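Novice: Fold the following.
(one chain, ligands or ions: 1)
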Amino acid sequence: MTKLVHQSTSEAESYRPLASQERVEEIKELRQTMTSLGGGEEGEQLHPFLGLTLRVPSQVMTPCPVSPMLGGAVFAEVRPGDRVLDMGTGSGSLALIAAKKGADVVAVDLNPHAVAAARANAELNGVADRVESRESDVFDSVEGRFDLIVFNPPFQWFAATDYADVAGTDAGYQALTRFFREARAHLTEKGRMILFFSTMGDVEYFEKLVADEGFEHKVVFSTTQPVFDVPVEFTVHRLS
Ligand SMILES: C[S@@+](CC[C@H](N)C(=O)[O-])C[C@H]1O[C@@H](n2cnc3c(N)ncnc32)[C@H](O)[C@@H]1O
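Specialist: Sure thing, here's the model as predicted:
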């Protein structure tokens, strides 16, 4: 598996869990179970997703069973002609959904394998003219403002071991924290955001970031699904 070559470190030390000690222990146990089972299949997987076909290399997150819920929320939110930013695009799944609805999309990721996959998947699904993919650590290489920003962030706060792991964990929530601090400056006046989060992470910290930045907040969808026999609540948030 490709090793992680860069990940910013600011703010990693200042994060302290806001979830209860009991929840923190449960989340740590879940992390241990997930890491002990390793990174999944080697090689490229072909993955159907809401009418799209995605080629997903092993260093990139494959959409999971709850991803269609998020994809559906993005499809419902996008208006044709919107300028959309897909932060942490992975295989490009959400960027492609937005492009299919007629948006112009910038798809960014820290992981160069994800950027390449998103670009190839845009070609494969006939929306290459509407999706521009590029490497970026949060907003570092993002210019301008967007009508809609979508972000399915890594849910956990532990240090990542490689690029595949960066999909699930973000040391000290440095990326999530920077995302919230900088998002408003990348939104148009009536811009909105669709974000995903789950109880695999520190929901109280996520909610504090939302409140700190003064966003209007609505839960669009929520479902509880087992992850390694642990019930996990997944929630789609709309912020404006
Ligand atoms: C949970 S995955 C979501 C992938 C895809 N959007 C989806 O919904 O299937 C999180 C993504 O965020 C990316 N990511 C993590 N830290 C990042 C950062 N600092 N800047 C940009 N992307 C980041 C990961 O590489 C990963 O592709």
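Novice: Please make it C-alpha for all contacts and neighbour counts, starting now.
Specialist: Noted.
Novice: Please enumerate the strands of the chain.
Specialist: Secondary structure of the chain (DSSP state E): strands at 45-49, 52-56, 83-87, 104-109, 131-135, 146-151, 187-198, 217-227, 230-239.
Novice: Looking at those, spot the one closest to the ligand.
Specialist: Across those, the ligand has its closest neighbour in strand 104-109 (3.7 Å, Cα to the nearest ligand atom).
Novice: Which residues in that closest one does the neighbour count mark as buried?
Specialist: The neighbour-count check on strand 104-109 (16 or more other Cα atoms under 10 Å) flags 104-109 as buried.
Novice: could I get the residues you listed as JSON lines with distance to the ligand and pLDDT?
Specialist: Shown next, in JSON lines, are those (distance: Cα to the nearest ligand atom, whole Å; pLDDT from 0 to 100):
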{"residue": "Asp104", "distance to the ligand": "16", "pLDDT": "98"}
{"residue": "Val105", "distance to the ligand": "13", "pLDDT": "98"}
{"residue": "Val106", "distance to the ligand": "12", "pLDDT": "99"}
{"residue": "Ala107", "distance to the ligand": "9", "pLDDT": "99"}
{"residue": "Val108", "distance to the ligand": "6", "pLDDT": "99"}
{"residue": "Asp109", "distance to the ligand": "4", "pLDDT": "98"}
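Novice: So which bits of this protein are right by the ligand?
Specialist: Within reach of the ligand by Cα under 6 Å from any ligand atom, the chain has these residues: 61, 63, 87-90, 93-94, 109-111, 136-138, 152-154, 166-168, 175.
Novice: Of the residues you listed, grab the buried ones for ChimeraX.
Specialist: With 16+ other Cα under 10 Å as the criterion, this ChimeraX line picks the buried residues out of the residues of the chain next to the ligand:
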select :61,63,87,88,89,90,93,94,109,110,111,136,137,138,152,153,154,166,167,168,175
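Novice: In helices only, show me the residues of the chain next to the ligand.
Specialist: Those of the residues of the chain next to the ligand mapping onto helices are 93-94, 166, 175, per DSSP state H.
Novice: Got phi/psi on Gln59?
Specialist: Torsion angles at Gln59 (phi, psi; degrees, to the nearest 10) stand at phi -80, psi 0.
Novice: Tell me how many other residues crowd it.
Specialist: 28 (other Cα atoms under 10 Å).
Novice: Same check on the one 5 residues further on?
Specialist: Using other Cα under 10 Å, Cys64 has 8 neighbouring residues.
Novice: what does Ser141 give?
Specialist: 11.
Novice: What pLDDT does the model give it?
Specialist: With respect to pLDDT, Ser141 has a value of 98.
Novice: circling back: ok, the ones in helices among the residues of the chain next to the ligand vs Glu143, which is closest?
Specialist: Minimum distance to Glu143 across those is 17.3 Å, recorded for Ala175 (Cα to Cα).
Novice: quick one, what contacts the residue nearest to the closest one when sequence neighbours are not counted?
Specialist: Take Ala175 and drop its neighbours on the chain: the residue closest to it by Cα to Cα, 6 or more residues apart in numbering is Val138, 6.3 Å away. Listed by Cα atoms under 8 Å, 6 or more residues apart in numbering, the contact set of Val138 reads 87-88, 108-110, 175, 178-179.
Novice: In CSV: those, plus distance to Val232.
Specialist: Shown next, in CSV, are the contacts of Val138 (distance: Cα to Cα, whole Å):
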residue, distance to Val232
Met87, 23
Gly88, 21
Val108, 27
Asp109, 25
Leu110, 26
Ala175, 22
Arg178, 25
Phe179, 24
